[in-house]
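Q: sharing a model prediction with you, sequence too.
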Amino acid sequence: MHPIIENFMERPLSHKVGAGVGLVALLSLLFWYFLYSPLAQTFSELEAKRDELMTQVGVERRLAKDLPKFRREVKDLDIKLKFALQELPDKREIPDLLASISNLAREAGLEVSLFRPMPEVSREFYAEVPVTVSVEGTFHQVCTFFDEVGQLSRIVNINQIAVSDPTVTENGARIKAGCVATTFRYLDEGERIQLSEAQDTKKRKRR
(Lines give C-alpha, C1' and ligand atoms only; values in the text may rest on other atoms or scores of the structure.)
Protein backbone atom coordinates (compact mmCIF):
# COMPACT_ATOMS: atom_id res chain seq x y z
CA MET A 1 0.00 0.00 0.00
CA HIS A 2 1.19 3.48 -0.74
CA PRO A 3 2.75 5.18 2.32
CA ILE A 4 0.44 8.19 2.09
CA ILE A 5 -2.66 6.00 1.99
CA GLU A 6 -1.31 3.78 4.79
CA ASN A 7 -0.63 6.89 6.90
CA PHE A 8 -4.15 8.16 6.24
CA MET A 9 -5.72 4.85 7.21
CA GLU A 10 -3.85 4.85 10.52
CA ARG A 11 -5.19 8.29 11.53
CA PRO A 12 -8.14 8.67 13.94
CA LEU A 13 -11.66 8.58 12.58
CA SER A 14 -12.21 12.28 13.28
CA HIS A 15 -9.22 13.11 11.09
CA LYS A 16 -10.54 10.89 8.33
CA VAL A 17 -13.99 12.53 8.50
CA GLY A 18 -12.46 16.02 8.52
CA ALA A 19 -10.26 15.18 5.54
CA GLY A 20 -13.26 13.76 3.69
CA VAL A 21 -15.35 16.85 4.33
CA GLY A 22 -12.49 19.07 3.22
CA LEU A 23 -12.04 17.01 0.07
CA VAL A 24 -15.75 17.25 -0.76
CA ALA A 25 -15.66 21.03 -0.17
CA LEU A 26 -12.61 21.37 -2.38
CA LEU A 27 -14.19 19.31 -5.16
CA SER A 28 -17.41 21.35 -4.84
CA LEU A 29 -15.44 24.58 -5.09
CA LEU A 30 -13.54 23.33 -8.11
CA PHE A 31 -16.81 22.17 -9.73
CA TRP A 32 -18.47 25.56 -9.13
CA TYR A 33 -15.48 27.59 -10.34
CA PHE A 34 -14.51 25.60 -13.41
CA LEU A 35 -17.80 24.04 -14.53
CA TYR A 36 -20.98 25.33 -12.88
CA SER A 37 -20.22 29.09 -12.85
CA PRO A 38 -19.39 29.36 -16.60
CA LEU A 39 -22.39 27.19 -17.42
CA ALA A 40 -24.67 29.31 -15.23
CA GLN A 41 -23.41 32.51 -16.86
CA THR A 42 -23.87 31.02 -20.34
CA PHE A 43 -27.36 29.84 -19.39
CA SER A 44 -28.25 33.30 -18.06
CA GLU A 45 -27.01 34.97 -21.25
CA LEU A 46 -28.93 32.50 -23.42
CA GLU A 47 -32.06 33.03 -21.35
CA ALA A 48 -31.79 36.82 -21.75
CA LYS A 49 -31.22 36.41 -25.49
CA ARG A 50 -34.26 34.13 -25.69
CA ASP A 51 -36.44 36.68 -23.90
CA GLU A 52 -35.18 39.42 -26.25
CA LEU A 53 -35.97 37.30 -29.30
CA MET A 54 -39.42 36.43 -27.95
CA THR A 55 -40.15 40.12 -27.45
CA GLN A 56 -38.95 40.88 -30.97
CA VAL A 57 -41.07 38.07 -32.40
CA GLY A 58 -44.10 39.43 -30.55
CA VAL A 59 -43.55 42.93 -31.96
CA GLU A 60 -43.05 41.58 -35.48
CA ARG A 61 -46.19 39.47 -35.21
CA ARG A 62 -48.22 42.51 -34.16
CA LEU A 63 -46.74 44.54 -37.02
CA ALA A 64 -47.48 41.76 -39.48
CA LYS A 65 -51.04 41.59 -38.18
CA ASP A 66 -51.52 45.35 -38.55
CA LEU A 67 -49.69 45.63 -41.89
CA PRO A 68 -52.86 45.42 -44.06
CA LYS A 69 -54.43 48.14 -41.89
CA PHE A 70 -51.35 50.36 -42.26
CA ARG A 71 -51.38 49.87 -46.02
CA ARG A 72 -55.05 50.85 -46.22
CA GLU A 73 -54.40 53.97 -44.13
CA VAL A 74 -51.47 54.98 -46.33
CA LYS A 75 -53.59 54.45 -49.43
CA ASP A 76 -56.41 56.55 -47.96
CA LEU A 77 -53.96 59.33 -47.06
CA ASP A 78 -52.53 59.28 -50.59
CA ILE A 79 -56.03 59.70 -52.02
CA LYS A 80 -56.81 62.56 -49.62
CA LEU A 81 -53.52 64.23 -50.48
CA LYS A 82 -54.26 64.03 -54.20
CA PHE A 83 -57.66 65.66 -53.66
CA ALA A 84 -56.08 68.34 -51.47
CA LEU A 85 -53.42 69.06 -54.08
CA GLN A 86 -56.13 69.56 -56.67
CA GLU A 87 -57.19 72.59 -54.64
CA LEU A 88 -53.67 74.05 -54.87
CA PRO A 89 -52.65 75.61 -58.18
CA ASP A 90 -49.13 75.22 -59.47
CA LYS A 91 -46.82 78.12 -60.23
CA ARG A 92 -48.13 78.60 -63.78
CA GLU A 93 -51.73 79.08 -62.59
CA ILE A 94 -51.05 81.79 -60.01
CA PRO A 95 -51.15 84.79 -62.43
CA ASP A 96 -54.57 83.70 -63.76
CA LEU A 97 -55.87 83.14 -60.22
CA LEU A 98 -54.75 86.59 -59.10
CA ALA A 99 -56.33 88.10 -62.20
CA SER A 100 -59.57 86.31 -61.32
CA ILE A 101 -59.56 87.84 -57.83
CA SER A 102 -58.99 91.31 -59.25
CA ASN A 103 -61.75 90.80 -61.83
CA LEU A 104 -64.20 89.68 -59.14
CA ALA A 105 -63.64 92.96 -57.29
CA ARG A 106 -64.43 94.99 -60.40
CA GLU A 107 -67.41 92.80 -61.31
CA ALA A 108 -68.81 93.45 -57.83
CA GLY A 109 -68.70 97.17 -58.65
CA LEU A 110 -65.69 98.00 -56.49
CA GLU A 111 -62.94 100.44 -57.35
CA VAL A 112 -59.59 98.64 -56.90
CA SER A 113 -56.99 101.12 -55.64
CA LEU A 114 -54.35 98.54 -54.70
CA PHE A 115 -53.65 94.99 -55.75
CA ARG A 116 -50.09 94.13 -54.73
CA PRO A 117 -48.72 90.55 -54.56
CA MET A 118 -46.35 90.12 -51.62
CA PRO A 119 -43.42 87.69 -51.22
CA GLU A 120 -44.37 84.06 -51.00
CA VAL A 121 -44.02 82.15 -47.75
CA SER A 122 -42.75 78.62 -48.39
CA ARG A 123 -43.92 75.75 -46.25
CA GLU A 124 -43.10 72.04 -46.43
CA PHE A 125 -44.80 71.23 -49.73
CA TYR A 126 -46.73 74.40 -50.55
CA ALA A 127 -46.29 78.15 -50.59
CA GLU A 128 -48.57 80.90 -49.32
CA VAL A 129 -49.17 83.63 -51.92
CA PRO A 130 -50.47 86.75 -50.13
CA VAL A 131 -51.86 89.78 -51.97
CA THR A 132 -52.64 93.14 -50.40
CA VAL A 133 -55.96 94.45 -51.72
CA SER A 134 -57.59 97.87 -51.23
CA VAL A 135 -61.03 98.57 -52.66
CA GLU A 136 -63.77 101.17 -52.37
CA GLY A 137 -67.51 100.69 -52.76
CA THR A 138 -70.69 99.99 -50.88
CA PHE A 139 -70.82 97.60 -47.97
CA HIS A 140 -72.92 95.24 -50.08
CA GLN A 141 -70.38 95.32 -52.91
CA VAL A 142 -67.54 94.50 -50.51
CA CYS A 143 -69.49 91.58 -49.04
CA THR A 144 -70.32 90.35 -52.55
CA PHE A 145 -66.63 90.44 -53.48
CA PHE A 146 -65.62 88.41 -50.41
CA ASP A 147 -68.37 85.88 -51.06
CA GLU A 148 -67.39 85.45 -54.73
CA VAL A 149 -63.75 84.90 -53.74
CA GLY A 150 -64.90 82.17 -51.37
CA GLN A 151 -66.68 80.45 -54.27
CA LEU A 152 -63.51 80.09 -56.36
CA SER A 153 -62.39 76.54 -57.13
CA ARG A 154 -59.02 77.34 -55.59
CA ILE A 155 -58.49 78.07 -51.91
CA VAL A 156 -58.29 81.81 -51.15
CA ASN A 157 -58.41 83.09 -47.59
CA ILE A 158 -59.44 86.67 -46.83
CA ASN A 159 -57.97 88.04 -43.62
CA GLN A 160 -56.67 91.22 -41.99
CA ILE A 161 -59.82 93.05 -43.08
CA ALA A 162 -59.86 96.77 -42.29
CA VAL A 163 -62.73 99.18 -43.06
CA SER A 164 -62.33 102.97 -43.03
CA ASP A 165 -63.64 106.32 -44.30
CA PRO A 166 -67.39 105.64 -44.47
CA THR A 167 -69.14 108.29 -46.56
CA VAL A 168 -72.72 108.89 -47.66
CA THR A 169 -73.40 109.53 -51.35
CA GLU A 170 -76.45 109.63 -53.58
CA ASN A 171 -76.00 105.90 -54.22
CA GLY A 172 -75.74 105.06 -50.55
CA ALA A 173 -72.99 104.65 -47.99
CA ARG A 174 -69.51 103.87 -49.31
CA ILE A 175 -66.50 102.49 -47.49
CA LYS A 176 -62.87 101.80 -48.11
CA ALA A 177 -61.82 98.24 -47.33
CA GLY A 178 -58.40 96.67 -47.17
CA CYS A 179 -57.52 93.01 -46.75
CA VAL A 180 -54.93 90.37 -47.47
CA ALA A 181 -56.11 87.70 -49.90
CA THR A 182 -53.94 84.61 -49.47
CA THR A 183 -53.95 81.74 -51.91
CA PHE A 184 -51.69 78.72 -51.96
CA ARG A 185 -49.70 76.91 -54.58
CA TYR A 186 -48.07 73.51 -54.73
CA LEU A 187 -44.26 73.42 -54.70
CA ASP A 188 -42.81 71.23 -57.43
CA GLU A 189 -40.06 68.73 -56.67
CA GLY A 190 -37.23 71.09 -57.60
CA GLU A 191 -38.60 73.82 -55.32
CA ARG A 192 -39.00 71.38 -52.42
CA ILE A 193 -35.38 70.27 -52.84
CA GLN A 194 -34.19 73.89 -52.85
CA LEU A 195 -36.27 74.63 -49.76
CA SER A 196 -34.84 71.60 -47.94
CA GLU A 197 -31.27 72.58 -48.85
CA ALA A 198 -31.86 76.15 -47.69
CA GLN A 199 -33.24 74.93 -44.36
CA ASP A 200 -30.24 72.61 -43.89
CA THR A 201 -27.88 75.51 -44.59
CA LYS A 202 -29.61 77.65 -41.94
CA LYS A 203 -29.34 74.85 -39.38
CA ARG A 204 -25.63 74.44 -40.04
CA LYS A 205 -25.05 78.19 -39.62
CA ARG A 206 -26.79 78.15 -36.23
CA ARG A 207 -24.43 75.48 -34.88
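A: Perfect, thanks for sending it.
Q: show me the shaky parts of this structure.
A: Scanning the chain for pLDDT under 70 picks out 1-46, 81-87, 89, 206-207.
Q: show me the residue at the heart of it, geometrically.
A: Glu124 (11.1 Å; Cα atoms, centre = their mean).
Q: that residue and Phe184, how far apart?
A: To Phe184, Glu124 is 12 Å away according to Cβ to Cβ, to the nearest Å. C-beta: built from backbone N, CA, C; applies to glycine.
Q: for Leu98, same thing?
A: Counting by Cβ to Cβ - Leu98 and Phe184 are separated by 12 Å.
Q: next, show the common contact partners of those two.
A: Both Leu98 and Phe184 are in contact with Val129, where contact means Cβ atoms under 8 Å, 6 or more residues apart in numbering.
Q: these two: who's more crowded?
A: A direct count of neighbours by other Cβ atoms under 10 Å for Leu98 and Phe184 places Phe184 higher, at 21 against 17.
Q: any idea how far the more buried one is from Asn171?
A: Relative to Asn171, and taking Cβ to Cβ, Phe184 is found at 36 Å.
Q: thinking Ser102 is in contact with Val112, fair?
A: Yes. Counting by Cβ atoms under 8 Å, Ser102 touches Val112, with 6.2 Å between them.
Q: return the distance of stretch 143-157 from the chain's centre.
A: Distance, stretch centre to chain centre, for stretch 143-157: 31 Å (Cα atoms, centre = their mean, to the nearest Å).
Q: now stretch 93-108
A: Relative to its parent chain, stretch 93-108 has a centroid offset of 36 Å by Cα atoms, centre = their mean.
Q: stretch 114-132 too?
A: Remark: stretch 114-132 is offset 24 Å from the chain centroid, using Cα atoms, centre = their mean.
Q: straight-line length of that stretch, end to end?
A: End-to-end distance of stretch 114-132 (Cα to Cα, to the nearest Å): 7 Å.
Q: mind listing what's buried along it?
A: For stretch 114-132, burial by neighbour count (16 or more other Cβ atoms under 10 Å) applies to Phe115, Glu120, Ser122, Tyr126, Ala127, Val129, Pro130, Val131.
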